[in-house]
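Enquirer: sequence first, then the predicted structure:
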Amino acid sequence: MLTLSILPDTYAICRLDRDAVPLWAAANDFISITRTTDELSIVCCDRNVPDHATCDRGWRVFKVEGPLDLSLTGVLASLAGPLAEAQINLFVVSTYDTDYLLVKEANLMRAVDVLRQASHIVQP
């Protein structure tokens, strides 16, 4: 059983040129920046993203309350499995201490129900 909380804002998943992190991306408490040889992906508060940016908007974030030990296994599987069975797509961000699951805002309440039915605690 895991405890999750829901972050209050709506988020966007953006794809940018790999060479520049824009200032607008860092203007909130939760951001994720991943750079590869092909792209720069940024998850940040939806309201900060300019209209011209390539992004998918309208995501809500579940935070797995941690810190979680890096040796734990099955954490994501216990969350992603029930959501997949319910046909709820997700985007995952992992950090040293914990995991964050993003679901589309339209699926938020259904995701809460699914996670609770899977014996997880979801705090409002």
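Expert: Noted; the coordinates are in hand.
Enquirer: report the secondary structure element holding the closest residue to Leu7 other than its chain neighbours.
Expert: Excluding the flanking residues, the one nearest Leu7 by Cβ to Cβ, 6 or more residues apart in numbering is Val61, at 4.1 Å. Glycine gets a C-beta too; all of them are placed from N, C-alpha and C. Per DSSP states H and E: Val61 is located in strand 55-64.
Enquirer: I'd like the next helix or strand past that strand.
Expert: helix 75-85.
Enquirer: what mean pLDDT does that next one get?
Expert: Regarding helix 75-85, the rounded mean pLDDT is 95.
Enquirer: assign a three-state SS to the residue sitting nearest the centre point of the chain, would you?
Expert: Taking Cα atoms, centre = their mean, the centroid of the chain lies closest to Leu102, which sits 3.1 Å from it. Under DSSP: H, G, I helix; E, B strand; the rest coil, the three-state class of Leu102 is strand.
Enquirer: list the contacts of the helix or strand of the chain with the lowest mean pLDDT.
Expert: Within the chain, confidence by mean pLDDT, DSSP states H and E is lowest for strand 32-35 among all helices and strands, at a mean of 92. For strand 32-35, contacts defined as Cβ atoms under 8 Å, 6 or more residues apart in numbering pick out 18, 21, 25, 40-44, 93, 100.
Enquirer: so which of those is the closest to Glu65?
Expert: Taking Cβ to Cβ as the measure, Tyr100 is the one of the contacts of strand 32-35 closest to Glu65, at 11.0 Å.
Enquirer: residue contacts, that closest one?
Expert: 30, 32, 61-64, 92-94.
Enquirer: ok, of those, which come out buried?
Expert: 32, 61-64, 93 (16 or more other Cβ atoms under 10 Å).
Enquirer: of those residues, just say which sits nearest to Ile6.
Expert: Of the buried ones among the contacts of Tyr100, the one sitting nearest to Ile6 (Cβ to Cβ) turns out to be Phe62, at 5.9 Å.
Enquirer: give me the pLDDT value at that closest one.
Expert: So Phe62 comes in at 98 (pLDDT).
Enquirer: surely it touches Leu4?
Expert: Yes: contact status for Phe62 versus Leu4: in contact at 4.6 Å, counting by Cβ atoms under 8 Å.
Enquirer: I am finished for the moment; much appreciated.
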